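Asks: Structure for this input, please:
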Amino acid sequence: MKEATSMVVVGADVHKRTHTFVVVDAVGKKLGHKTVKADGVGHDQAIRWVQTEFAEQIAADLAAGGEGVRWGIEDCRHLSARLEIDLLDAGQAVVRVPAKLMAEQRRTARTRGKSDPIDALAVARAVLREPDLPVAAHDEASRELKMLVDRRDDLVKERTAAMNRFRWHLHRIDPTVDPKPKSLKQAKTRRELAEFLADKTGIDARMAREVLADIDRVTPVINDLEREVTALAAVQAPALLELPGCAGLTAAKIVGEIAGIDRFAHEAKFAMHAGVAPIPVWSGRTEGRVRMCKAGNRQLNAALHRIAITQIQRHGPGRTYYEKRLAAGDSTTEALRCLKRRLARVVYQTLKTTTSTPTAGLLPAAA
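Replies: Numbers count the residues shown, from 1 in each chain. Model (predicted):
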């Protein structure tokens, strides 16, 4: 972000029913605040308020080559999604502020206590302190892919919980009948168990039959979503599928969570966003020691982790690099960290050279 003395930054503290906005200048001085309803009308009021009350500062910044105004929103997933959509539809520049950054800013501020204006002020000042935060943007194709992947993940969690409940009911009915958890994904196994439970009486048998019916209902939907997601991934990111260890679901997860690779100026920023950038943790004679960053997008981190684990288990460049790190004296954790960081670079370069994200028609990411 270019430095400009008249720059305006708007920090937003979002809630289910209301949003509070605080405007600061380029040095973090509070210029005003406003609370509106958390709906389209309220969002329009906030935009008009900023453009009217601070028109001179915005015009001066634009004349100096700045952005005029930048909105920072505390990343609250679904609470902030609608606001992001309305702001981007209005042509505003929006960045997401991780809750961790906002908390640190509030802790070090001179203002004590907690309120919506204090939180919004912390968000705005965090935007000033961290000018390289990724821009909130999401093209419709990757947004669709993300929503499908999230839906499948939710159903898989639901089915896993149902499988665990079913196995406990079955154990109380007959401890000798113990199907493997993965076998319950197969229609043949479920039919055999349904036949076994057909003539059983008691509350456990009844619950087992109902839970088994839930598994029967969810499994075909999961399978259909997996086929749909895999097909979309093959269209949107075929180059990722050529990466060893990256199957259709993993590629879809990466595309959906990245929300447009052009948001990241270079691969180091992408690695930080994915939570695989090394963090220095040394003092004195431990110079050079680092550890894995536990911040960032955990879903994207998990996708890179799956690729890394798969590559370690198979012969190829990934395993060769992992073994090289071990031979150099790294622990297994350190070697895995290095491999994930290397994979972040490969994924970034792959998407950067094989995709072109349009700048028009972008929607905010939902994650």
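
Asks: which helices and strands does whatever helix or strand E228 lives in pack with?
Replies: According to DSSP states H and E, E228 maps onto helix 203-236. The elements that helix 203-236 packs onto, with contact taken as 3 or more CB pairs under 8 Å, 6 or more residues apart in numbering; DSSP states H and E, are helix 140-173, helix 187-197, helix 238-241, helix 248-258. In short, each C-beta sits where N, CA and C put it, glycine included.

Asks: who touches the closest residue in space to R209 that isn't next to it in sequence in this structure?
Replies: Leaving aside its sequence neighbours, R209 sits nearest to L197 (CB to CB, 6 or more residues apart in numbering; 5.3 Å). L197 makes contact with I173, A205, A208, R209, L212, according to CB atoms under 8 Å, 6 or more residues apart in numbering.

Asks: measure L197 to M207 for me?
Replies: 10 Å (CB to CB, to the nearest Å).

Asks: go on, Q349?
Replies: From Q349 over to M207 (counting by CB to CB), the distance is 52 Å.

Asks: swap in G68?
Replies: Relative to M207, G68 is positioned 61 Å away (CB to CB).

Asks: the more surrounded of the two?
Replies: Per other CB atoms under 10 Å, whichever of G68 and M207 has more neighbours is G68, with 22 against 16.

Asks: tell me the phi and psi of the more buried one?
Replies: phi 90, psi -60 (degrees, to the nearest 10).

Asks: can you pull the contacts of it?
Replies: M7, V8, I58, A59, D61, L62.

Asks: Leaving out chain neighbours, which residue sits closest to the last one?
Replies: I take that to be L62. G68 is the one closest to L62 (CB to CB, 6+ apart), at 4.5 Å.

Asks: mind checking how far the one you found is from P131?
Replies: From G68 to P131 the distance is 15 Å (CB to CB).

Asks: ok, now I58?
Replies: 18 Å.

Asks: And the two? Which one has more around it.
Replies: Per other CB under 10 Å, whichever of I58 and P131 has more neighbours is I58, with 19 against 11.

Asks: Please identify the helix or strand for that one.
Replies: helix 55-63.

Asks: who's in contact with that helix?
Replies: By CB under 8 Å, 6+ apart, helix 55-63 touches A4, T5, S6, M7, V8, D25, L31, V50, Q51, E67, G68, V69.

Asks: One more pass at 7 Å, please.
Replies: With contacts defined as CB atoms under 7 Å, 6 or more residues apart in numbering, helix 55-63 is touched by A4, S6, M7, V8, D25, Q51, E67, G68, V69.

Asks: do stretch 11-21 as well
Replies: Stretch 11-21 is contacted from outside by 10, 22, 33-38, 42, 46, 71-74, 76, 79-80, 83, 116-117, 119-121, 123-124, 127, using CB under 7 Å, 6+ apart.

Asks: My understanding was that R159 contacts R217; is that so?
Replies: No. Applying CB atoms under 7 Å as the test, R159 and R217 come out as separate, 9.4 Å apart.

Asks: Which one of those two is surrounded by more residues?
Replies: Higher neighbour count among R159 and R217: R159, with 19 against 13, using other CB under 10 Å.

Asks: residue contacts, that one?
Replies: I215, V218, T219, I222.

Asks: Equivalent analysis for V36, please.
Replies: T18, H19, G42, Q45, A46.
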